[in-house]
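# Return atomic coordinates for the entry below.
(one chain, ligands or ions: 1)
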Amino acid sequence: MLYIYKGEEIKKIDRQAESLGMDSFTLMEAAGSGLFRQLTDDFETSKQCFLILAGKGNNGGDGIVLARYLKTAGASCTLCFPAGLPKTEPARRHLDYYEALGYSYETEPFNLTATVMIDALLGAGTSLPLSTEMKNLCVWLNSQKAERVSIDVPTGASTDTGNCDSSVIHAHKTYIVHGYKPSRFLYPAASCYGEPSLIEIGLPQTARWTISTVSATSPSVQFKGSNAHKGTFGHGLLIAGTKSMPGSAALAALGCVSSGAGKLTVQTAEEAVSVIASHVPEAMYDFHTGVEDAHSFSAIAAGCGRPADDAMEDIVQQLLQQEKPVILDAGALAPRSYKAAKCSVIVTPHPGEFARMTGKQTKDIQLNRIQEASQYAVEQGVTVVLKGEYTVIAFSDGSGVVNTTGNEGLSKGGSGDTLTGILLALLMRHSSLEEAVKDAVYLHGLCADIWKRNRPAQALRPFNLHDWIPAAISEQKERGD
Ligand SMILES: NC(=O)C1=CN([C@@H]2O[C@H](COP(=O)(O)OP(=O)(O)OC[C@H]3O[C@@H](n4cnc5c(N)ncnc54)[C@H](O)[C@@H]3O)[C@@H](O)[C@H]2O)[C@H](O)CC1
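Numbers count the residues shown, from 1 in each chain. Take a look at the predicted model:
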């Protein structure tokens, strides 16, 4: 399991560790030795010339410990404090020890050369914008012909949001201490991390946000039932599609019947049936314009290929008054309260739809996707699936996951409909809503990743996605995460 921590959470963890007897000096030692191990895995240290630029905080302290390990191992390494000597107590003590071993340091970086430059200037304690001095250092570092390795967070990138200073370090690699920081998954900051590696420092993992995985024992990939019949695997209601957008309903229905749904009823416009039925002969049809007999379904999805009009709003209000879990997508998403809902609600907006739901700007949502989705989920008591690269899944208890499967091949109209269908099928078959949602997003992304292994991403049609569901399920079953 991989974990995500905000800057404040890291500070709290450090304080807690200190109160339990694990002091920051020891944690810094663990960070430095972990960094050294990772560096020796990534580089033939005897053939490299290292320059470590260390800041005044604990990020710089990690750099001091790393410098000591490199020097002790006989590597060519220069430690430099371009913004002044360390100010924090553990970093100062590590510098004392470093000097006591007879090692020296520089304070002027601009004439120094190296093949690998380590950015230990600022980490989780960054506040933006950068000072002029830091900006100049970053500009210089970015202009050097060397591999750039950042410690924890590239200097100039925010820890908790996608914000970056204009002179942010563009790292080739980032060695992330203890756990991922939100900015690793938020653009533009995410694009400055390069290749990330995690450095364990021996602290227990306590984050409520993790990176999504699918368990090999999850009902999403296991399909068992002695004496099973079509009722065993649930009956889904999909309220989707119009005369002008029958394809959305077809894509969602395909996703659903390909993911283990026992039965599926599509409530749609009569004119849409010929298109849907030509692709999904398994489905049944219903032409009501309201919600009838909701109790006879295991779960309900609404909104694919529907306009966000009054008729849709009426349907959503009826859905919120019944008790079966409901997925709201596309036309079913609107600015409204879910606080009086009698059912579990999952909303699946893309950033534009989420902006419409919340009254916020899309660009602000994108910079702070994890926080925005989480805040909405907690306030409204719903599950939010905020789609996009690194889809964010926020639960109403404040926990959540970031999904790392999927690629640019999914950036096409119709991909989200397939996801809604997969989600509906898994929700019908799962006892855990949380597991159903995160598994659906993971498997949907994995379909696109499997496609891209041998085929161009631009040629992936949303209509192809369901064909890869069997391969995605089998892969997860065999992997056994
Ligand atoms: N549990 C862990 O994960 C551990 C992580 N470690 C490392 O510690 C840093 C966080 O250290 P902290 O001292 O809190 O912050 P920084 O080193 O990032 O910097 C603080 C320092 O920088 C100044 N500063 C902040 N913003 C700016 C700016 N925009 N321009 C100029 N200067 C700025 C600020 O005033 C302070 O002086 C974490 O990233 C890990 O690398 C521990 O070593 C082990 C435990």
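
# Confirm for me that residue 273 is in contact with residue 285.
Yes: here residue 273 lies in contact with residue 285, judged by C-beta atoms under 8 Å, at a distance of 5.5 Å. Any C-beta I mention is one placed from the backbone N, CA and C, and that applies to glycine too.

# of these two, who's got more company?
Taking neighbours as other C-beta atoms under 10 Å, residue 273 and residue 285 compare with residue 273 leading, 17 against 14.

# OK, contacts around residue 199?
Under the criterion of C-beta atoms under 8 Å, 6 or more residues apart in numbering, the neighbours of residue 199 are 31, 34, 35, 38, 175, 176, 177, 178.

# which pair in those spans the largest distance?
For these, the maximum inter-member distance is 13.3 Å, found between 38 and 178 (C-beta to C-beta).

# burial of the nearest residue to residue 412 once chain neighbours are set aside, as a residue count?
Of all residues not flanking residue 412 in the chain, residue 462 sits nearest, at 5.6 Å (C-beta to C-beta, 6 or more residues apart in numbering). For residue 462, the neighbour count with other C-beta under 10 Å is 22.

# so residue 462 makes contact with residue 413?
Yes: judged on C-beta under 8 Å, residue 462 makes contact with residue 413 at a distance of 7.2 Å.

# circling back to that earlier point, measure the residue nearest to residue 412 to residue 161 for me?
Relative to residue 161, residue 462 is positioned 31 Å away (criterion: C-beta to C-beta, to the nearest Å).

# go on, residue 138?
Counting by C-beta to C-beta, the gap from residue 138 to residue 161 is 18 Å.

# ok, the two, which is more surrounded?
Taking neighbours as other C-beta under 10 Å, residue 138 and residue 161 compare with residue 138 leading, 24 against 21.

# Surely that one is in contact with residue 165?
Yes: Residue 138 sits in contact with residue 165 when judged by C-beta under 8 Å, with a separation of 7.3 Å.

# can you list residues touching both of those two?
Taking C-beta under 8 Å, 6+ apart as the contact rule, residue 138 and residue 165 both touch 130, 156.

# Where do the strands of the stretch 51-200 of the chain begin and end?
Listed in chain order, the strands of the stretch 51-200 of the chain (DSSP state E, counting those that start in this stretch) span 76-80, 116-120, 147-151, 173-177, 195-199.

# for the stretch 351-481 of the chain, same thing?
383-386, 392-394, 400-402.

# Nearest to the ligand, out of those?
strand 400-402 (18.3 Å; C-beta to the nearest ligand atom).

# starting at the chain centroid, how far to that closest one?
On the basis of C-alpha atoms, centre = their mean, to the nearest Å, strand 400-402 sits 6 Å off its chain's mean C-alpha point.

# Not counting that strand itself, show me its contacts.
Contacts for strand 400-402 (C-beta under 8 Å, 6+ apart): 4, 185, 208-212, 370, 373-374, 377, 390-394, 438.

# Mind listing what's buried along the longest helix belonging to the chain?
With DSSP state H setting the assignment, residue counts place helix 433-454 as the longest helix in the chain. When burial is assessed from 16 or more other C-beta atoms under 10 Å, helix 433-454 yields the following buried residues: 433-452.
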